[in-house]
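Engineer: Quick one: sequence and predicted model below, then my questions.
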Amino acid sequence: MAAQPEKMVTMPMTADKHIEIQDLRLAYGTKEVIHGITFDIHRHEIFGIIGPAQSGKTSLLRCINRTIDFNPAATVAGTLKVDGECVRNVRNVYELRRKIGMVAPLPVGLPLSIYDNVAFAPRCVGMTAKSDLDGLVEKCLRQAALWDEVKDRLDSLGTKLSGGQQQRLTIARALSHQPEILCLDEFSIAIDPVTTMRIEEVLKELRHEMTIILVTNLTQQARRLADRAMFLWNGEIIELDTNDVIFGDHPKDKRTYDYVMGIFG
């Protein structure tokens, strides 16, 4: 197998379990799409999930924050815990979703000003003081590497921004919940490489404040960012290990090597 360039992996500062998943199964009607998977995600790590289309990656994220509930055909079985609590048993699902920020593949800006896009969620939970909102909006836009580009036009429509700026606005909006977990589902699919690299630098900083789950079809992106990576294929875990193993010369499963090298997928 061809040698791969070295990548220094910074393991999480703590290795306690932030998310615990045991024998998770998901079916849409009679078709099971996730087949009894078991794994943990550590607090403050960037956890990469790679795999071909239709492997169950997005569905897995939706199980974690229970947006899967919006699909009446979906049936979930098994155990999925966040901070030791089963997500199926939480009393307030809205609090769970505030704890877990989500960024979709394509930026979907609210038809509001840049400021109001970020302030929308905090206002919904009772933050009304302008000084508090101003501070939070600036913090989130800075965290999303967007503040310097928009600070003089916060009253402009967010939908008028460029695609890359809108995606960073989406990240800022997700951060406005002050989440403990940030899920990114193919966040770079519709933006240019330069903007992608800027967001990647942001994520490296954010991992010190939260746990990040990165779903991506770009194996090199997972290699650059993740502490550990999981290869999900047809709803099954083929391999889960540190990046040195998953993207190295000798992953445990040949299918992992074939996928990472672009032989299939």
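Structural biologist: Okay, I see it.

Engineer: Just confirm R91 is within a strand.
Structural biologist: No - the assignment for R91, made by DSSP: H, G, I helix; E, B strand; the rest coil, is coil rather than a strand.

Engineer: tell me, how many neighbours does it end up with?
Structural biologist: 7 (other CB atoms under 10 Å). C-betas here are computed from N, CA, C, even on glycine.

Engineer: again with W233
Structural biologist: Neighbour count of W233, defined by other CB under 10 Å: 21.

Engineer: What of I246?
Structural biologist: Residues near I246, counting by other CB under 10 Å: 27.

Engineer: Setting aside sequence neighbours, what's the nearest residue to it?
Structural biologist: A229 (4.4 Å; CB to CB, 6 or more residues apart in numbering).

Engineer: do R98 as well
Structural biologist: R98's closest residue in space is H177 (CB to CB, 6+ apart), at 4.5 Å.

Engineer: about what we covered before: what lies in contact with the helix or strand where the residue nearest to I246 lies?
Structural biologist: Secondary structure from DSSP states H and E places A229 in strand 228-233. For strand 228-233, the external contacting residues (CB atoms under 8 Å, 6 or more residues apart in numbering) are 37, 39, 42, 45, 47-52, 55-57, 60, 222-223, 237-243, 246-247, 253, 255-256, 259-260.

Engineer: Would you verify that G36 is located in a helix?
Structural biologist: No - under three-state DSSP, G36 sits outside any helix and is assigned strand.

Engineer: Tell me how many other residues crowd the residue nearest to I246.
Structural biologist: Neighbours of A229 under the rule other CB under 10 Å: 28.

Engineer: Against L203, how distant is it?
Structural biologist: 14 Å (CB to CB, to the nearest Å).

Engineer: on that earlier part again, of the contacts of strand 228-233, just the buried ones, PyMOL syntax please.
Structural biologist: Here is the PyMOL command that selects the buried residues among the contacts of strand 228-233 (16 or more other CB atoms under 10 Å):
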select buried, resi 37+39+42+45+47+48+49+50+51+55+56+57+60+222+223+237+238+239+240+241+243+246+247+255+256+259+260
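
Engineer: Okay, and which of the contacts of strand 228-233 map to strands?
Structural biologist: Of the contacts of strand 228-233, the ones assigned to strands by DSSP state E are 37, 39, 42, 47-50, 237-242.

Engineer: Export those to JSON lines and append columns for distance to L214 and pLDDT.
Structural biologist: Output for the ones in strands among the contacts of strand 228-233, formatted as JSON lines (distance: CB to CB, whole Å; pLDDT from 0 to 100):
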{"residue": "I37", "distance to L214": "17", "pLDDT": "98"}
{"residue": "F39", "distance to L214": "15", "pLDDT": "98"}
{"residue": "H42", "distance to L214": "14", "pLDDT": "97"}
{"residue": "F47", "distance to L214": "7", "pLDDT": "98"}
{"residue": "G48", "distance to L214": "5", "pLDDT": "97"}
{"residue": "I49", "distance to L214": "7", "pLDDT": "98"}
{"residue": "I50", "distance to L214": "9", "pLDDT": "97"}
{"residue": "I237", "distance to L214": "16", "pLDDT": "98"}
{"residue": "I238", "distance to L214": "17", "pLDDT": "97"}
{"residue": "E239", "distance to L214": "16", "pLDDT": "97"}
{"residue": "L240", "distance to L214": "14", "pLDDT": "98"}
{"residue": "D241", "distance to L214": "16", "pLDDT": "97"}
{"residue": "T242", "distance to L214": "15", "pLDDT": "96"}
